[in-house]
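Visitor: coords below, sequence missing:
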């Protein structure tokens, strides 16, 4: 349970998936190149950064266009989870990414709020 909503004639308990569940759904959609499901894990105010604080994507529309192009031109795209740490609302994934015949290591720090990823910082 994440919130309680109280009205004059009701009490509602609101639940949301854990940050780890949200990030795993994002990774699964990424590997399927399912843009709709992938973007559904992100908040409307998503920001993507390159470590330590270089803004690379500042809004949802830009992210949609960038990943649509990336998914379309990268037939062998796949991210393999190597290690995951969860600290409160932060999920830190070490990934082995294959794209266009190359494999490289990456770390992504996902920050989740209200069941959606609102900030990602990438280390490469």
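Guide: Arrived safely. The shown structure was predicted, so the numbers you read here are calculated from the model rather than taken from an experiment.
Visitor: for the rest of this, base every contact and every neighbour count on C-alpha atoms.
Guide: Fine.
Visitor: please, where are all the strands along this protein?
Guide: In the chain, the segments counted as strands under DSSP state E are 3-6, 11-14, 42-50, 54-57, 78-87, 90-99, 102-113, 116-123.
Visitor: got any ranges where the protein has weak pLDDT?
Guide: Where the chain drops to pLDDT under 70, the residues are 1-3, 14.
Visitor: okay, now residue 10: neighbour count?
Guide: 7 (other C-alpha atoms under 10 Å).
Visitor: swap in the one 10 residues further on?
Guide: Residue 20 has 21 neighbouring residues, counting by other C-alpha under 10 Å.
Visitor: who are the neighbours in contact with the residue nearest to it when sequence neighbours are not counted?
Guide: Among residues not flanking residue 20 along the chain, residue 91 sits closest, at 6.3 Å (C-alpha to C-alpha, 6 or more residues apart in numbering). Taking C-alpha atoms under 8 Å, 6 or more residues apart in numbering, we find residue 91 in contact with 19-20, 23, 84-85, 109-111.
Visitor: want to throw the strands of the chain into CSV with distance to residue 28?
Guide: Listed next are those as CSV, based on distance: least, C-alpha to C-alpha, whole Å:
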stretch, distance to residue 28
strand 3-6, 27
strand 11-14, 25
strand 42-50, 14
strand 54-57, 21
strand 78-87, 9
strand 90-99, 13
strand 102-113, 15
strand 116-123, 14
